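J.: Predicted model and sequence below, questions to follow.
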Amino acid sequence: MEELQMTFEKIQAIIVDQLDKEEEEVQLETNFREDLEADSLDLFQIINDIEDEFDIKIESEEGLNTVQDIVTFVEAELAKK
């Protein structure tokens, strides 16, 4: 569970930085498009930064609508290593 929290915090920091949002605006249930008004370019940048941070590859943003979706995906990728 602690690892999940660390993953979330790293992803949260990337999103806060990229979208210039407050930390409390970025929670697990936060939807990128609806809650953060992120566009495709924003998502591309966020995904690039997450790939660099965790040394993983995210092939498609499809299905990655909330912060929880990305945290779950990253955790699954890290488990493969």
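T.: Perfect, I can see it now.

J.: Identify the single longest helix in the chain, thanks.
T.: helix 2-19 (DSSP state H).

J.: Check which helices and strands it sits against.
T.: The helices and strands touching helix 2-19, judged by 3 or more Cβ pairs under 8 Å, 6 or more residues apart in numbering; DSSP states H and E, are helix 40-54, helix 67-80. Just so you know, the C-beta spots here come from the backbone N, C-alpha and C atoms, and that holds for glycine as well.

J.: Can you give the contact residues for the last one?
T.: Surrounding helix 67-80, the residues in contact under the criterion Cβ atoms under 8 Å, 6 or more residues apart in numbering are 3-4, 7-8, 11-12, 15, 26-30, 32, 50, 54, 56-58, 63-64.

J.: Buried residues in it, which are they?
T.: For helix 67-80, burial by neighbour count (16 or more other Cβ atoms under 10 Å) applies to Val67, Gln68, Ile70, Val71, Phe73, Val74, Glu77.

J.: and of the residues you listed, the nearest to Glu37?
T.: When the buried residues of helix 67-80 are ranked by distance to Glu37 (Cβ to Cβ), Val67 comes first, at 14.3 Å.

J.: before we move on, back to that, so which of the helices and strands packed on helix 2-19 gets nearest Asp20?
T.: Of all these, helix 40-54 comes closest under Cβ to Cβ, at 10.2 Å.
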